[in-house]
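J.: Sequence plus the predicted model coming up.
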4 protein chains.
Amino acid sequence: MIFRTDLAKEAREIDENIKGVTGKDFTFEGVSGTEIVISDSVAAEKLGKKKGRYVSFETEAVLNRNVEEYLSVSKAIGQEIKKMLSDIPKNKTVLVVGLGNEKMTADSIGPKTVKGVFVTRHIFEFLPREADERMKNVSAISPGVLGVTGLESADIVSGICKNADIGAIIVVDALAARRSERMFSTFQLTDTGIEPGAGVGNKRKGINKETLGIPVLAIGVPTVVYASSLIYDAAVEILSLATGKDERLVENAAKKIATKEDMVVTPKEIDVTVSDSAKIISDGINLALHQLSLDEISAYMF
Amino acid sequence: MIFRTDLAKEAREIDENIKGVTGKDFTFEGVSGTEIVISDSVAAEKLGKKKGRYVSFETEAVLNRNVEEYLSVSKAIGQEIKKMLSDIPKNKTVLVVGLGNEKMTADSIGPKTVKGVFVTRHIFEFLPREADERMKNVSAISPGVLGVTGLESADIVSGICKNADIGAIIVVDALAARRSERMFSTFQLTDTGIEPGAGVGNKRKGINKETLGIPVLAIGVPTVVYASSLIYDAAVEILSLATGKDERLVENAAKKIATKEDMVVTPKEIDVTVSDSAKIISDGINLALHQLSLDEISAYMF
Amino acid sequence: MIFRTDLAKEAREIDENIKGVTGKDFTFEGVSGTEIVISDSVAAEKLGKKKGRYVSFETEAVLNRNVEEYLSVSKAIGQEIKKMLSDIPKNKTVLVVGLGNEKMTADSIGPKTVKGVFVTRHIFEFLPREADERMKNVSAISPGVLGVTGLESADIVSGICKNADIGAIIVVDALAARRSERMFSTFQLTDTGIEPGAGVGNKRKGINKETLGIPVLAIGVPTVVYASSLIYDAAVEILSLATGKDERLVENAAKKIATKEDMVVTPKEIDVTVSDSAKIISDGINLALHQLSLDEISAYMF
Amino acid sequence: MIFRTDLAKEAREIDENIKGVTGKDFTFEGVSGTEIVISDSVAAEKLGKKKGRYVSFETEAVLNRNVEEYLSVSKAIGQEIKKMLSDIPKNKTVLVVGLGNEKMTADSIGPKTVKGVFVTRHIFEFLPREADERMKNVSAISPGVLGVTGLESADIVSGICKNADIGAIIVVDALAARRSERMFSTFQLTDTGIEPGAGVGNKRKGINKETLGIPVLAIGVPTVVYASSLIYDAAVEILSLATGKDERLVENAAKKIATKEDMVVTPKEIDVTVSDSAKIISDGINLALHQLSLDEISAYMF
């Protein structure tokens, strides 16, 4: 758990000069972004991340509750979704999938995001006259968790794809970061979808282009850091101040605290930071998919 | 809406002597039951019910909160489930589907029942050593409602059937009754599954053997009566006391109040009666599927 | 239960010419209003309402979900609150009390309203530099229900008044109407506070100026009609069409259905109508107490 | 925050030989307990704890979900409540107060406990014939949090005491521990009540015998450890392995990470551990106050 991270940006920090990986910083309307492209299989394995494109946006807004900055982050996310889903056929449905357990705060960002997504598929299907041409055909589901349904989220999603003419999937999930500074401050988008074992809960099957045959865009934000990561970093910092700097000590210390693997570090107000992050992501999705303002969407969804 | 009912028992009361329909009263451990079998297509159309077997149990327990009688009702329901699902292959999974909208009390009995079902499929799949041979392979899902997901429950369920080796389905839904005496006092089971347009919400596609190719057992209890039904019955009663008894008056009166079609009659404490009924049904399902006592199941689920 | 109503307007309809009662219709920015003043004790007893002023606003907006009309209703309510609380000393706190049971939909309008009220007392007390001079000193509480706390709401509220320098109380409660047309369409405000036994739940002690020594403004909207009222009205209508018109028949019929006293009539989508009505009332309270726009308040409360 | 703890047991570990403090280990039906008595004012100030009696029970049951051990812990807690409240007059009401914010998982143990308490005051008051002589007169309230109500919990509670003939208070609150091993594994009871600034949220006024004039028993369990405490302990451990052991390094390290003060360490499954702990405490309270079995209470509360 010590080095556990779902962020490509953090995975890359282990070795910044690895071959077959490119990184680029940029800014979108004042929001700092990083694009990492992993194009080499060996590099992918080293980093423990699939080959593909990873874009992340950095913001202190959620932790500091700077509500007036949320819209910029949503717009940056929306812009990136538009790019990644640019070639989806017009008449196909985009399915938004909220992974995770609604009842466990740190794992609930997926289901909470789904509640904010403006769903329209039933309008196109059953009330076509009420459909606005600026609406995209969108459906959304929170498939629950294995321990509650007995079913893999991947199996539920793949079943829907077979029955509902889905052209692309956006899957939202809570992530784990290695560094506490990243919690609720790095929004990651990737065209690699969801890997088995990723996220805060336990996903056993992947949800991605290989398994489903259609583009899968994954969006997430770290909601926890494993306590062991935090302690490990503290140990390194302390020892770098001390003269000895014996690396074995660090390892020993890290091993000792390996029993704290079920403990996580979170912001004290995690219930609020999860809700706010979910709102930022669902607004980003709504802005990307529909050609409507957030006010118009809000009026439709009230 | 005046004659709207999801109960075969009530549908039959319109014409008790209709050909191709048999009815039989019985008692299971003190609980009164009725079995109606519709074997004729003409009769089926007249009654607005599919051909098949309908069993209902009558109880005042929920409305009077006679908690100590709940177990008998669960056992009666369980016994009937066992009969209807007797020839499901041992290794196949039973999928429990909770239809309806968790956020609308009168429509929430399906999702609430699902929460009480002891789900085991993931144990068999991923922790086979923890599986008890008295457990049946069970999974469960609440697919949500069309207006929230943009997806038909039927499409979600059929997708799962394709991916998860499902042998039979038990689908739980809130029903509408015609007579207020039936609310929360008639538990109906039927092997005909769910018809399009049935239940309290709007289902547009059926969930039954014809659409899915496997046995579908539907369980429900009326949670509402349409206000127009109530008034109609009052009108008939009043006029039967009056001398005139002019049937046209009844019709006129009924038509006049047709504008109240969006109003429903419910017990004042509907939140409690829904929870209790969901518990009775989920206990019945647990008793039928697993060879475990409710105490054992309770310990597993705590 | 047949004639049970919490609305002065309905109580008055029984005898429009009663002495000591004045009624006046008016319009506030497009919203129809009625003001009833009961100034005579005999009249008060006849109507089963306390002496005082009752203002009600009529709107179809909630039942038809005309969201764009909600603001007008909030403004009308806000305007009336301002009038009724015009002479509260500036530095005193206004306490908003949400009566009823959050877990029972039809009785939850009070607690739901409280959640939308912009509370500021702690800002004035502990973060005075963050207080905006346009804010009024406001606190809010949902005291729960007798069956859950074992405590009378009146006792909890009166205790707070003793300890927290409260200058006036606004108490919000779900009401019962006699006619189904009034459900969710009549917002009533009165300076008479809450009577024992009023509302949807069971209040045993009053919350009013007599018991607390400070002005108590009660706001409510009918969420239910007793099924017996509905049937009674249907009976009268039918019999007025029939020739006989025997009044005893009506009485007999009404008596017969008296057993349905625990049944209520509600809109099918009561969960939505309750939430919307609570929003209309809390917006009205916020507009009346603070000199801030709803957008400004929304930013503070996010 | 580094040395922040609400547990007397941990406060004492800083200096085990301090004068005016006695400690004693014991076992109650298999559950390990510790009793600490602080009898000296100087010692009290040093430990940052009020003079009084602190009893804590240690158990791994919650973290390991050994559900079958929960009852023993409840019984141990119940036994201790009985002792501390032994001289409350028979006819007086015991008020159970759940402090904290129901919406913030780590702070919700108080409100969750209150939901499990068997409340009877309204039965004695309004339905005396249904009262069982084995029932104690009990009421319960969750006063909410300052940021939501604008009111101090202490002011709400003191108001109730004035109006409802309360003989003693049991106040339940989430605590902060210094060591992660204590989270959800140390249940503390104390006759000193609640201090200002204690617990996970921000209480500004105390709730104790001095402020209310009646016995106040506080029960709590640590739900969080501040991340800074965890890091500090890790630093000490690492440095004790290294040769230098320069205490200043530790201090420096600790100061450096002081910015993480808004971060907390929790078990990954905190939603479950909070619910289970609340159940243990409410069962303990029910066993102590009423002369009824948990099954009997459960039947009353269903």
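T.: Okay, I see it.
J.: Can you pull up the most central residue in chain A?
T.: Computing the C-alpha centroid of chain A and ranking residues by C-alpha atoms, centre = their mean puts residue A:220 first, at 1.1 Å.
J.: Who are the contact partners of the residue in the stretch 151-300 of chain A positioned nearest to chain B?
T.: Residue nearest to chain B within the stretch 151-300 of chain A (C-beta to the nearest C-beta): residue A:159, separated by 2.0 Å. No exception for glycine: its C-beta is placed from N, CA and C like everyone else's. By C-beta atoms under 8 Å, 6 or more residues apart in numbering or on different chains, residue A:159 lies in contact with B:156, B:158-163.
J.: That one in helix, strand or coil?
T.: Recorded secondary structure, residue A:159: helix (DSSP: H, G, I helix; E, B strand; the rest coil).
J.: same check, this time on residue A:229
T.: helix.
J.: so how far is residue D:105 from it?
T.: Distance from residue A:229 to residue D:105, counting by C-beta to C-beta, to the nearest Å: 21 Å.
J.: all strands for the stretch 1-150 of chain A, in order.
T.: Secondary structure of the stretch 1-150 of chain A (DSSP state E, counting those that start in this stretch): strands located at A:21-28, A:31-38, A:52-58, A:93-98, A:138-141.
J.: the helices in the stretch 1-150 of chain A, which residues?
T.: Taking DSSP state H, counting those that start in this stretch, the helices of the stretch 1-150 of chain A run over residues A:8-13, A:41-47, A:61-64, A:70-84, A:109-116, A:121-126, A:146-149.
J.: thinking again about what came up before, which non-adjacent residue is nearest the residue nearest to the centre of chain A?
T.: Closest residue to residue A:220 apart from its sequence neighbours, by C-beta to C-beta, 6 or more residues apart in numbering or on different chains: residue A:175 at 4.1 Å.
J.: where does that neighbour fall, phi/psi-wise?
T.: The phi/psi pair for residue A:175 (degrees, to the nearest 10) reads phi -110, psi 170.
J.: Residue numbers of the stretch 51-200 of chain A in contact with chain B?
T.: Contact residues, the stretch 51-200 of chain A versus chain B (C-beta under 8 Å from any C-beta of the partner chain): A:93, A:119-123, A:125-126, A:138-144, A:146-152, A:155-156, A:158-164.
J.: May I see the ChimeraX selection of the buried members of those?
T.: Per 16 or more other C-beta atoms under 10 Å in any protein chain shown, the buried members of these correspond to this ChimeraX selection:
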select /A:93,119,120,121,122,123,125,138,139,140,141,142,143,144,146,148,149,150,151,152,155,156,158,159,160,161,163,164
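J.: partner residues bridging the residue lying closest to residue A:9 once chain neighbours are set aside?
T.: Ranked by C-beta to C-beta, 6+ apart and with sequence neighbours excluded, the top spatial neighbour of residue A:9 is residue A:56, at 5.2 Å. Bridge pairing for residue A:56 (DSSP bridges) gives the partners residue A:34, residue A:188.
J.: Report whether the expected contact of residue A:56 with residue A:188 is present.
T.: Yes - assessed by C-beta atoms under 8 Å, residue A:56 is found in contact with residue A:188 at 4.5 Å.
J.: re earlier: enumerate every residue touching the residue nearest to the centre of chain A.
T.: By C-beta under 8 Å, 6+ apart, the residues touching residue A:220 are A:6, A:109, A:172-175, A:187-188, A:199.
J.: repeat that with 6 Å
T.: Residue A:220 sits next to A:173, A:175, A:188 when contact means C-beta atoms under 6 Å, 6 or more residues apart in numbering or on different chains.
J.: that older thread, roughly how far apart are the residue of the stretch 151-300 of chain A closest to chain B and residue B:169?
T.: Distance of residue A:159 to residue B:169, computed by C-beta to C-beta: 14 Å.
J.: Let me know the average pLDDT across stretch A:59-74.
T.: If you average the pLDDT over stretch A:59-74, you get 94.
J.: do it and chain C meet?
T.: Yes - counting by C-beta under 6 Å from any C-beta of the partner chain, chain C has neighbours in stretch A:59-74: residue A:67.
J.: so how far is that stretch off the chain centroid?
T.: For stretch A:59-74, the distance from its own C-alpha centre to the chain's C-alpha centre is 17 Å (C-alpha atoms, centre = their mean, to the nearest Å).
J.: Where does pLDDT dip in the stretch 201-302 of chain A?
T.: A:201-203, A:235, A:237-261 (pLDDT under 70).
J.: let's go with 80 and repeat that
T.: Residue ranges of the stretch 201-302 of chain A with pLDDT under 80: A:201-204, A:231-262, A:302.
J.: just to revisit the earlier point, got the contact list for the residue nearest to residue A:220?
T.: A:6, A:220, A:222.
J.: rerun at 10 Å
T.: The contact partners of residue A:175, taken as C-beta atoms under 10 Å, 6 or more residues apart in numbering or on different chains, are A:5-7, A:109, A:182-183, A:186-188, A:198-200, A:218-224.
J.: again, but for residue A:65
T.: A:269, A:272-273, A:276, C:302.
J.: What separation is there between residue A:226 and chain C?
T.: Per C-beta to the nearest C-beta, to the nearest Å, residue A:226 is found 30 Å from chain C.
J.: hang on, isn't that residue packed against residue A:106?
T.: No - the criterion here is C-beta atoms under 10 Å, and residue A:226 misses it with residue A:106 at 11.4 Å.
J.: Quick check on the two: which one has the bigger neighbour count.
T.: residue A:106 (27 against 23; other C-beta atoms under 10 Å in any protein chain shown).
J.: Next one: that one, what pLDDT does it get?
T.: 93.
J.: contacting residues around it?
T.: For residue A:106, the contacting residues are A:100, A:174, A:176, A:183, A:200-201, A:222-224, A:264, A:266, A:270-271, A:273-274, D:105, D:266, D:268-271, by C-beta under 10 Å, 6+ apart.
J.: hey, which helix is longest across chain A?
T.: Determined from DSSP state H, the single longest helix within chain A is helix A:270-289.
J.: immediately after it, which helix or strand?
T.: In the C-terminal direction, the helix or strand that comes right after helix A:270-289 (DSSP states H and E) is helix A:294-301.
J.: before we move on, the earlier item: Throw the contacts of residue A:220 into TSV and include distance to residue D:291 and pLDDT, thanks.
T.: Listed next are the contacts of residue A:220 as TSV, based on distance: C-beta to C-beta, whole Å; pLDDT from 0 to 100:
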residue	distance to residue D:291	pLDDT
A:173	51	96
A:175	52	94
A:188	58	98
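J.: and of these, the nearest to residue C:293?
T.: Proximity of the contacts of residue A:220 to residue C:293 (C-beta to C-beta) peaks at residue A:188, which lies at 36.6 Å.
J.: Please write out the alpha-carbon positions of stretch A:58-65 in PDB.
T.: What follows is stretch A:58-65, C-alpha atoms only, in PDB (Å, rounded to 0.1, in the frame of the first residue of the first chain):
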ATOM      1  CA  GLU A  58      -4.600  20.700 -10.200                       C
ATOM      2  CA  THR A  59      -6.700  22.900  -7.900                       C
ATOM      3  CA  GLU A  60      -6.800  23.900  -4.300                       C
ATOM      4  CA  ALA A  61     -10.300  25.100  -4.700                       C
ATOM      5  CA  VAL A  62     -12.100  22.100  -3.100                       C
ATOM      6  CA  LEU A  63      -9.900  22.000   0.000                       C
ATOM      7  CA  ASN A  64     -10.200  25.700   0.500                       C
ATOM      8  CA  ARG A  65     -13.800  25.800  -0.500                       C
END
